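>>> This is the structure alone, sequence omitted:
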């Protein structure tokens, strides 16, 4: 940190102290030349710290993609519930639309993906949720933990981990649970946890020779504890009925793999950087190729899911169809 940058920071800090009563609890300082944001959480912390090196450095001030995805997911659920009505709790305990509405809007449906070529259904489920309860838990994690990860990593890295994990979660769900519909961003969120595990692993041997590297290491260790606890909780909840354990596992695995690729660039030793980049790339490609190959070759499909209304009407006497697609792809429901 140059003397000029340090002086600019002190001038900024003095100005913030004069207007502290009008500001929020989180404070940011952006260096004009480097564009790096320095963050501390309370006014007392800002007043006590003298240099930007004493606070944790993040790449950006907001989790833009985290916020955008959360807004889109909320809007889509509201639109589904308006267009296709809300199902009784006996059919959908998550307080949301009927299963045929989920299928109409793009839920993972193995028979449509494999036999009808609707491969877009491998990504569309991350924008959908079964109901208000399901949406609340996933969006809460996205806007809290997920948004902070994005501020650390940058939007490009976050988006790459999120989408690759979401795709991997749908592929494994199609293989392991072909007889059920599946929606939700939980697989992609698990991928963010996997990405954080990969980051901690890739930076485990990083030398801590500066105040910032020491702080960053301490933050990652705290995050590691939180991530491991979250993974254990999700793993336990994966055995609850209606929860897609395969999507959770697939998202975690692919999040770790793509995370190794991305965070290998943080390794300072060139030889180890190239080793983990090549190994991560190979394993990620191998996982995708083999899982897709297995999905098309060995998945046992339930042809009854072509007609979701008829399928669920067998199990629920009061089932009403509102957004079912007919064989020609037209919406013949009320919506």
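Structure's in. What do you need? It should be emphasised that the depicted structure is a prediction, and the values quoted were computed from it without experimental measurement.

>>> who's in contact with the residue positioned nearest the centre of the chain?
With distances taken as Cα atoms, centre = their mean, residue 189 lies nearest the centre of the chain, 3.0 Å away. Residue 189 is in contact with 138, 141, 142, 146, 251, counting by Cβ atoms under 8 Å, 6 or more residues apart in numbering. Where you see a C-beta, it was placed from the backbone N, CA and C, and this is true even at glycine.

>>> Doesn't the third one belong to a helix?
Spelled out, it's residue 142. Yes - under DSSP: H, G, I helix; E, B strand; the rest coil, residue 142 falls within a helix.

>>> Which pLDDT does the model give it?
Confidence at residue 142, expressed as pLDDT, is 95.

>>> neighbours of it, just the number please.
24 (other Cβ atoms under 10 Å).

>>> pretty sure it is in contact with residue 185, am I right?
Yes - using Cβ atoms under 8 Å, residue 142 is in contact with residue 185, at 6.9 Å.

>>> what sits in contact with each of the two?
Joint contacts of residue 142 and residue 185 (Cβ under 8 Å, 6+ apart) are residue 69.

>>> follow-up on the earlier one: distance-wise, check the residue nearest to the centre of the chain relative to residue 129.
Shown here: residue 189 relative to residue 129, a distance of 12 Å by Cβ to Cβ, to the nearest Å.

>>> now do residue 113
19 Å.

>>> same check, this time on residue 285
From residue 285 to residue 129 the distance is 30 Å (Cβ to Cβ).

>>> Give me the more crowded residue out of those two.
residue 129 (27 against 12).

>>> Let's verify the more buried one: helix, strand, or coil?
coil.

>>> so what's it closest to, chain neighbours aside?
residue 135 (4.1 Å; Cβ to Cβ, 6 or more residues apart in numbering).

>>> again, but for residue 141
Closest to residue 141 by Cβ to Cβ, 6+ apart is residue 189, at 5.3 Å.

>>> Give me the phi and psi for the one you found.
phi -70, psi -40 (degrees, to the nearest 10).

>>> And the pLDDT at residue 117?
The model's pLDDT for residue 117 equals 95.

>>> Neighbours of it, how many?
9.

>>> Just confirm it is within a helix.
No - counting by three-state DSSP, residue 117 is not found in a helix; it is coil.

>>> most surrounded residue in the contacts of residue 189?
residue 251 (34 neighbours).

>>> which secondary structure elements does the helix or strand hosting that residue contact?
Assigned by DSSP states H and E, residue 251 belongs to helix 245-263. Helix 245-263 sits against helix 155-176, helix 186-202, helix 211-237, helix 270-298, with contacts defined as 3 or more Cβ pairs under 8 Å, 6 or more residues apart in numbering; DSSP states H and E.

>>> Out of those, which gets the lowest mean score?
Among those, helix 211-237 scores lowest, at a mean of 83.

>>> tell me which residues of that helix are tucked away?
Within helix 211-237, the residues that count as buried by 16 or more other Cβ atoms under 10 Å are 212, 215, 216, 217, 220, 223, 224, 227, 230, 231, 234.

>>> before we move on, what SS does the residue nearest to residue 129 have?
Using three-state DSSP, the structure places residue 135 in helix.
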